[in-house]
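Novice: Need a 3D model of the following:
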Amino acid sequence: MTTTKPILGISACLLGHKVRYDGGHKADAFIINQLGAHFEYRPLCPETGIGLGVPRPTIRLMGEAESPHLVGVENADWDLTERMLAYADEQTPHLGDLCGFILKKSSPSCGMERVKVYPVKGGPAPRKGTGIFAQALMQAWPNLPVEEEGRLNDPVLRENFVNRVYVTLRWQNLMQEGLSAARLIEFHTRHKYLVMTHSQAAYQRLGRGLSNLSGADLDALAGAYFDELMQTLKRRVNRRRHVNVLQHILGYLKKRIGREDKEELVASIESYRRGETPLVVPITLFRHYFRLHPDEYMSRQVYLNPHPDNLGLRNAI
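Specialist: Next up, the predicted model:
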């Protein structure tokens, strides 16, 4: 049975749960309202999960950035590292149905990156750490799309994250339907132009990996395929790559539309390339012309409809 609503793990404070050390929360309107209309959230607070109360003494990371300890601010002998690692070991095996996770930035438990790590002997605290739970989560599920609420303020990172969430959902649905060579090839074909915005070379490598499926260990091959796919989709996309893909797609309409319509499409791509208009402008035009001149191949391409329109993600990139 396929599903259309991704399930996301999330730091509970971002949904307005009063689980912060000071008894407060960090409710995020975009996450709750816009994303929340399309995602199902599974809130989690690692600090209350290990039995800490609300309110509670503050904690921080201390030691080496690669392997810090989670300790009390007022009492560094209050070491919670093992409790947090045990909690992560208990929780992470049950997160296989998630399509993504949104973490609280700067948190010593949930921070994805650039968390302060305090030297044991004092001095400046470089932002080189990762929250203890967040690190365990990303190690347990390396292909899981993970972001912090702060980074979601970047329009490109925001769309990248949501794209990866929906790719993960489609992959989960493929696995639920039953893996087959034909379904794997169809999945690859549908994602051609989405992947090409990140790396044309990676798309070609992925394709070569599917070139001879006769007698192959399909489960192992699919696992390796998904590993490379998700690593590729993490790469930041720029206008130049989108323009390249849009020009490829234009080829499917060249013989179907008139000169003026073609000039309109070319002008919209150029306007986007110069940064005068957002990506949604040429995309909307392409979708319009493909409705008038249907193309079976392009109708299967995820790139033109990667996520719900009313999220407005391509209005800002």
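Novice: what's the next secondary structure element after the helix or strand that contains Ile283?
Specialist: Secondary structure from DSSP states H and E places Ile283 in helix 280-292. Following helix 280-292 in sequence order, the next helix or strand is helix 296-299 (DSSP H and E).
Novice: So what touches that following helix?
Specialist: The contact list for helix 296-299 (C-beta atoms under 8 Å, 6 or more residues apart in numbering) reads Ile249, Tyr252, Phe290, Leu304. C-beta coordinates here come from the backbone N, C-alpha and C atoms, glycine included.
Novice: Can you show me the helices along this structure?
Specialist: 29, 46-49, 81-91, 132-140, 155-177, 181-190, 192-196, 200-209, 218-233, 239-250, 259-273, 280-292, 296-299 (DSSP state H).
Novice: Out of the contacts of helix 296-299, which two sit at the greatest distance?
Specialist: Using C-beta to C-beta, the contacts of helix 296-299 span at most 10.9 Å, a distance reached by Tyr252 and Leu304.
Novice: For those two, list the residues in contact with both.
Specialist: Contacts common to Tyr252 and Leu304, judged by C-beta under 8 Å, 6+ apart, are Phe290, Met298.
Novice: Return the residues in contact with Arg83.
Specialist: Ile50, Gly51.
Novice: ugh, typo on my part, it should be His25
Specialist: Cys13, Leu14, Leu15, Gly16, His17, Lys18, Val19.
Novice: Can you show me the strands along the stretch 1-150 of the chain?
Specialist: 7-11, 40-44, 59-62, 69-72, 100-103, 115-118, 127-129, 146-148 (DSSP state E, counting those that start in this stretch).
Novice: export these to a markdown table and tack on distance to Tyr272, mean pLDDT and mean neighbour count?
Specialist: Formatted as a markdown table, the strands of the stretch 1-150 of the chain follow (distance: least, C-beta to C-beta, whole Å; pLDDT from 0 to 100; neighbours: other C-beta atoms under 10 Å):
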| stretch | distance to Tyr272 | mean pLDDT | mean neighbour count |
| --- | --- | --- | --- |
| strand 7-11 | 30 | 98 | 25 |
| strand 40-44 | 33 | 98 | 16 |
| strand 59-62 | 42 | 98 | 22 |
| strand 69-72 | 46 | 98 | 20 |
| strand 100-103 | 27 | 98 | 25 |
| strand 115-118 | 36 | 98 | 22 |
| strand 127-129 | 35 | 97 | 18 |
| strand 146-148 | 25 | 98 | 23 |
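Novice: Just tell me which of these ends up closest to Arg235.
Specialist: Per C-beta to C-beta, nearest to Arg235 of the strands of the stretch 1-150 of the chain: strand 146-148, 14.5 Å.
Novice: ok, residues contacting the closest one?
Specialist: 100-105, 111-113, 134, 137-138, 157, 161.
Novice: State the pair within those that is farthest apart.
Specialist: Farthest apart among the contacts of strand 146-148 - using C-beta to C-beta - are Leu137 and Leu157, which lie 18.3 Å from each other.
Novice: Setting the sequence-adjacent residues aside, check what's closest to Arg164.
Specialist: Pro145 (3.8 Å; C-beta to C-beta, 6 or more residues apart in numbering).
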